[in-house]
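> Just need the structure, nothing else, for what follows:
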Amino acid sequence: MQRVRPLDRHPPTHKRTSPGAALDDLKFIRETMERSQAFTALPGRGGVLIGVTAFVAAWVASRQTQDATWIMVWMTEALVAASIGLISLARKANRSGLSLSRGPGRRFLLGMGPALLTGLMLTISLHSAGNFDVIPGMWLLLYGAAIIAAGTFSVPAVPLMGACFMALGMVATLGPEAWYNECMALGFGGLHLGFGLLIARRYGG
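Below is the predicted model:
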């Protein structure tokens with residue numbers, strides 16, 4: 001006959017987790033959640049305002065008779081748009097409780113950086129050489145590439161906007177010089193305005 005083993009009156013105790021290990025676990029969980037988050041603090045209203053200023057810039061640029069002054073009008077608009085974008089981005093991120101220095105916010109900004117820096121350096125080089133014809137298409141293409149790269153960490157509307165910018169960039173690159181200003185107006189004005197309204201409506205401002 002088999003002898004019945006007595007019940008263990010001292011069940012195994014769970015190993016206690018040290019405070020340091022618990023903090024490490026919480027940090028890992030937080031970082032994992034941040035990596036899986038989409039960056040939703042893209043400012044729709046800021047995009048609308050950028051679109052309005054771009055239409056003004058397109059109107060002013062259309063009255064210029066020299067390529068150099070036409071470029072300077074749009075360079076000034078780029079500085080204005082960048083200021084509006086950064087301020088409205090920081091405000092919306094603050095309201096949403098999102099950080100721009102880590103997580104999806106940081107990846108969003110880093111995604112835009114390389115293409116925008118490339119555009120700046122090529123603009124300086126082409127402007128110095130007097131090669132103005134390729135600048136409008138290059139701006140639209142590289143800005144679209146920057147938006148697509150950043151949109152990987154954001155809502156689906158963002159990479160779609162980037163693709164539209166790249167399509168206009170191809171039109172400006174392959175089309176006649178007479179289309180340059182219209183492509184810039186449709187891109188930096190129309191696309192920012194349209195997608196800005198969409199983002200503001202669907203993702204809270």
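> In terms of secondary structure, what does the lengthiest helix in the chain contact?
Secondary structure of the chain per DSSP state H: the longest helix is helix 67-96. If contacts are counted by 3 or more CB pairs under 8 Å, 6 or more residues apart in numbering; DSSP states H and E, helix 67-96 sits against helix 44-61, helix 103-129. Just so you know, the C-beta spots here come from the backbone N, C-alpha and C atoms, and that holds for glycine as well.
> Distance check, the residue lying closest to E77 once chain neighbours are set aside against T76.
Spatial nearest neighbour of E77, chain neighbours left out: A57 (3.7 Å); criterion: CB to CB, 6 or more residues apart in numbering. Separation of A57 from T76 (CB to CB, to the nearest Å): 7 Å.
> Just want to know which of those two has more residues nearby.
Shown here are A57 and T76; by other CB atoms under 10 Å, A57 has more neighbours (23 against 14).
> wait, that one sits on W74?
Yes. Using CB atoms under 8 Å, A57 is in contact with W74, at 6.1 Å.
> which residues does the residue nearest to A145 when sequence neighbours are not counted contact?
With sequence-adjacent residues excluded and distances taken as CB to CB, 6+ apart, A145 is closest to A115, at 4.5 Å. Listed by CB atoms under 8 Å, 6 or more residues apart in numbering, the contact partners of A115 are L142, Y143, A145, A146, A149.
> Could you verify my assumption that the last one touches L116?
Spelled out, that is A149. No. Using CB under 8 Å, A149 makes no contact with L116, being 9.9 Å away.
> still on that earlier bit, quick check: buried residues in the longest helix of the chain?
Across helix 67-96, burial judged by 16 or more other CB atoms under 10 Å covers 67, 70-71, 73-75, 77-78, 80-81, 84-85, 88-89, 92-93.
> Contacts for stretch 119-139 next, please.
Contacts for stretch 119-139 (CB under 8 Å, 6+ apart): 67-68, 70-71, 74-75, 142-143, 146, 169-174, 177, 180-181, 183-184.
> if you set the cut-off to 7 Å instead, what comes out?
D67, I71, L142, Y143, G169, A172, T173, E177, Y180, C183, M184 (CB atoms under 7 Å, 6 or more residues apart in numbering).
> Distance to L126 and pLDDT for the residues you listed - can I get that in TSV?
Converted to TSV, the contacts of stretch 119-139 look like this (distance: CB to CB, whole Å; pLDDT from 0 to 100):
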residue	distance to L126	pLDDT
D67	11	89
I71	9	92
L142	12	96
Y143	15	94
G169	15	95
A172	14	94
T173	13	93
E177	15	88
Y180	14	92
C183	17	95
M184	16	96
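> In PyMOL, how would I select the buried members of those?
Buried members of the contacts of stretch 119-139 can be picked out in PyMOL with the line below, counting by 16+ other CB under 10 Å:
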select buried, resi 67+71+142+143+169+172+173+180+183+184
